[in-house]
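S.K.: sequence? don't have it. structure:
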């Protein structure tokens, strides 16, 4: 296409977030989360009069000037996705405030409420004494505690399927390694009579593998949506994304 000054930020979004840089989320992504019943916290930063004229369903009304006083009312789970919108000039500063409280998955709605094409509600948005956040599991998803129990006890009727792309540093004891990119051609290696527990590094490949096996008639398959790090000696760590 002729562009000669193109660069790649090779560290990607994880490094961008870790550095505390501003993160934006598009309205289409927000609508997708709503339709798929994802758990997140949506905050309307406008004053109460403006918010009452029309706010995004599910939003919590916290005027930007009052945000600092809400610190202790935010969820205990610092992995909770927090999306902030309007007032336009306050959002970047509000982002820094909430991100500074340790919420790594904080973002600002790109374009603010003006970009939202879906339904708006009128009246006073919610202002709870405590903001609740409960992560919702997707179909077939297993919790981190359940995953650790299987790994540590290694029940005979369960197979751990490692779908990370090669090379990998280490592998869980007894796990079957099949890269996700090869699974469509090798799914016959996965026994249907066993319960299948799938993991990768982040959950993305594991979800793809789950969908494939489910489409092939595997009815005892589950997947882990988390960050997994495995050492060369089989020692492992699992953390929420």
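M.R.: Ah, there it is. None of these values were measured; they are calculated from a predicted model. Numbering: from 1, shown residues only.
S.K.: and residue 175, how many neighbours does it have?
M.R.: 17 (other C-beta atoms under 10 Å). Yep, even glycine has a C-beta here, placed from its N, CA and C like the rest.
S.K.: try residue 94
M.R.: 23.
S.K.: quick one, domains of the chain?
M.R.: Following automatic domain parsing, one gets these domains for the chain: 12-115, 141-239.
S.K.: quick one: closest of those to residue 129.
M.R.: domain 12-115 (6.7 Å; C-beta to C-beta).
S.K.: any idea where the helices of this protein begin and end?
M.R.: 12-18, 27-35, 48-52, 91-100, 144-153, 180-186, 204-215 (DSSP state H).
S.K.: for stretch 37-47, buried residues please.
M.R.: 40, 41, 42, 43, 44, 45, 46 (16 or more other C-beta atoms under 10 Å).
S.K.: just checking, which of these belong to strands?
M.R.: 41, 42, 43, 44 (DSSP state E).
S.K.: between those residues, which sits nearest residue 105?
M.R.: The closest of these, once distances to residue 105 are taken by C-beta to C-beta, is residue 41, at 9.6 Å.
S.K.: distance of residue 105 relative to residue 186?
M.R.: With distances taken as C-beta to C-beta, to the nearest Å, residue 105 is found 34 Å from residue 186.
S.K.: same drill for the two, tell me which one is more crowded.
M.R.: Comparing residue 105 with residue 186 by other C-beta under 10 Å, the one with more neighbours is residue 105, at 18 against 11.
S.K.: got a list of what residue 126 touches?
M.R.: Neighbour list for residue 126: 59, 60, 61 [criterion: C-beta atoms under 8 Å, 6 or more residues apart in numbering].
S.K.: apply 6 Å and report the result again.
M.R.: residue 60 (C-beta atoms under 6 Å, 6 or more residues apart in numbering).
S.K.: so which residues of the chain form strands?
M.R.: Using DSSP E, strands in the chain cover 24-25, 41-44, 60-61, 82-85, 106-109, 141-142, 158-162, 176-177, 195-199, 221-224, 227-230, 236-239.
S.K.: farthest pair within the ones in strands among the buried residues of stretch 37-47?
M.R.: Largest pairwise distance in those, by C-beta to C-beta, is 11.2 Å, between 41 and 44.
S.K.: and residue 164, how far from residue 237?
M.R.: From residue 164 to residue 237 the distance is 14 Å (C-beta to C-beta).
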